[in-house]
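Trainee: take a look and give me a structure for this.
(2 chains)
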Amino acid sequence: NAGVTQTPKFQVLKTGQSMTLQCAQDMNHEYMSWYRQDPGMGLRLIHYSVGAGITDQGEVPNGYNVSRSTTEDFPLRLLSAAPSQTSVYFCASSPTNSGDEQFFGPGTRLTVL
Amino acid sequence: GNSVTQMEGPVTLSEEAFLTINCTYTATGYPSLFWYVQYPGEGLQLLLKATKADDKGSNKGFEATYRKETTSFHLEKGSVQVSDSAVYFCALSGSNAGGTSYGKLTFGQGTILTVHP
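Mentor: Numbering: from 1, shown residues only, chains lettered A, B, ... in the order given. Below you'll find the predicted structure:
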């Protein structure tokens, strides 16, 4: 099993550009989520999904869109990139039971100029 | 809402020193508690967890006990190694009394640990 994979590893964008961060998991987990990591702020939840076709907003959803057409994939779209979106983005997945650990991908480091 | 507060860092220790990283939480319902570790350049890995009051999680010499009365989940290790240098995150995942999962993790701000030889 590859676990949770993310692409790209690094990305530089100009203000106003759009892009999609890819996330995939091969563990048949129902629950997937996107976090951003900023210095001194830990990880903050952007969007999450409890199954294919179901998504919801987390703590910091503005400027991001998600969709979940399959159990395996959960892409994160930046509609019009802003410097405030410079961050490291992590995708995670888990079975739905809250006692289960979440499995994290290796992260995407995004810089918006 | 849910929140997690970790001790401020960074923490710098000599090899074989005792480690404590404090973590307190605020949550409704019956949260599960976690410690995650992030090594340089990598994603987060689960270090240990506890799913109910008085449970003790342990792994790789690290321990933490779920204290409902003090709403705490402090991380401890008796003798740290250089290889323990990393960022440590305390986190919680909420659920209600019926066990319905919220699934979402709430993280503390992270504590940077550096261990010198």
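
Trainee: for chain B, what lies in contact range of chain A?
Mentor: Within chain B, the positions adjacent to chain A are B:4, B:6, B:31-32, B:34, B:36, B:42-46, B:49, B:51, B:89, B:93-95, B:99, B:101-110 by Cβ under 8 Å from any Cβ of the partner chain. Every residue, glycine included, has its C-beta placed from N, CA and C.

Trainee: partner residues bridging the residue nearest the centre of chain A?
Mentor: In chain A, the C-alpha nearest the mean C-alpha coordinate belongs to A:W34, at 2.9 Å (Cα atoms, centre = their mean). A:W34 forms beta bridges with A:H47, A:C91, as assigned by DSSP bridges.

Trainee: correct me, but it touches A:R44?
Mentor: No - the criterion here is Cβ atoms under 8 Å, and A:W34 misses it with A:R44 at 9.9 Å.

Trainee: determine the residues that are contacts of both of the two.
Mentor: Residues touching both A:W34 and A:R44 by Cβ atoms under 8 Å, 6 or more residues apart in numbering or on different chains: A:G58.

Trainee: quick one: A:N65 from chain B, how far?
Mentor: 18 Å (Cβ to the nearest Cβ, to the nearest Å).

Trainee: where does that residue fall, phi/psi-wise?
Mentor: Phi and psi for A:N65, reported as degrees, to the nearest 10, are phi -130, psi 150.

Trainee: tell me where chain A has strands.
Mentor: Using DSSP state E, the strands found in chain A span residues A:4-7, A:10-13, A:19-25, A:31-37, A:43-51, A:54-57, A:64-66, A:76-78, A:87-94, A:103-104, A:108-112.

Trainee: having no further points to raise, I will conclude here.
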